[in-house]
Every structure is written in structure tokens, then in C-alpha cells.
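>>> task: produce atomic coordinates for the following.
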Amino acid sequence: MADNSGIPSKQMKIWIANRRAQIKKQTIREENARLRIENEMLREENREMSLMQRKKVCGLCVLKAENARLRAEFERLQAIAAMRQNIANPKEELGSSSSAFQTPAPSSATGSQPDPGPGAYVPKDEPPSM
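Modelled structure (predicted):
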């Protein structure tokens, strides 16, 4: 090639080496740009998947939360029913005058509850738990 162009062969070798280096740099720049775009797309996809994963709630968790809410509602309604029953039967609640000012006995070490007194609502069986 150097013979046909009239350029000394040493200069031609340098020119070819420089051209190869330029092409290699350009290829690396193009590859880096392509990889940056692909990386950004993967980051965005990862963000979206993370958001979806945070929003996702298992069915069992939903059922447990609903069960806890219903249990709290049941206990609230039990308390209202007990209050209304005591209001409807005030004579039973008062009993004798000496018992009206007594404090309930502390519960024993076995964990039993003190006697709620006459007229108080006491459930016979606990509701089935889920």
C-alpha cells in the first residue's frame, strides 16, 4: 500500500495503527452508550417491580387483618350489649346496698376473671378463631 501511495511505509504503519485506535475508541463509545441505555431501562424495570412487590399483599395477610378487625368489632359490640343489659336491669346490678360499694376480688394466679356480677353478659363459648 505504501508503494502505491507514495507514503513511506513507516508513516503508513503509524497511520493504520492510529486509524485502528480511532475505530476501537469509537466502537467502545457506541457500546458504552448502548449499555447505558440498557442499564437505565433495567433500573426502571427494577423500580417498577419493587413498587409492585411492596403493593402486593398475600391473601393470608388480608385474612388475618380482616379477622383482627372483626374480632375487635365483636368485642366492642359485646361491651355495648353488656352495658345495655345492665341499663335495662338496674335492680339486678345494684343488689344489696352493701355489695354496691364492694370492690371485685382480684383474679387468682390461675388467670380466672373475677365474677362480673348479676346481669353482666358473659359469653359461654369463645368465637372460633381463624
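>>> care to break this protein down by domain?
In the assignment given by automatic domain parsing, the structural domains of the chain cover 2-55, 59-90.
>>> for the protein, longest helix please?
Residue-count comparison of every helix in the chain, with assignments taken from DSSP state H, identifies helix 9-55 as the longest.
>>> mean confidence score for that helix?
If you average the pLDDT over helix 9-55, you get 93.
>>> what mean pLDDT does the helix or strand just after it get?
Moving toward the C-terminus from helix 9-55, the first helix or strand encountered (DSSP states H and E) is helix 59-88. Across helix 59-88, the average pLDDT comes to 89.
>>> list the buried residues of helix 59-88.
Residues of helix 59-88 classed as buried by neighbour count (16 or more other Cβ atoms under 10 Å): 82, 86. (Glycine included, C-beta is placed from N, CA and C.)
>>> just checking, what packs against that helix?
Taking 3 or more Cβ pairs under 8 Å, 6 or more residues apart in numbering; DSSP states H and E as contact, there are no helices or strands that helix 59-88 lies on.
>>> one more time with 10 Å
Counting contacts by 3 or more Cβ pairs under 10 Å, 6 or more residues apart in numbering; DSSP states H and E, helix 59-88 is packed against helix 90-94.
>>> what number of residues lie near residue 32?
The burial count assigned to residue 32 is 10, neighbours taken as other Cβ atoms under 10 Å.
>>> going forward, the N-terminal residue is numbered 535.
Sure thing, new numbering starts at 535, so read that last one as residue 566.
>>> how close does it sit to residue 556?
The gap separating residue 566 from residue 556 is 16 Å, by Cβ to Cβ, to the nearest Å.
>>> what's the answer for residue 578, then?
Note on residue 578: its distance to residue 556, by Cβ to Cβ, is 34 Å.
>>> swap in residue 623?
In this structure, residue 623 lies at 101 Å from residue 556, with Cβ to Cβ as the measure.
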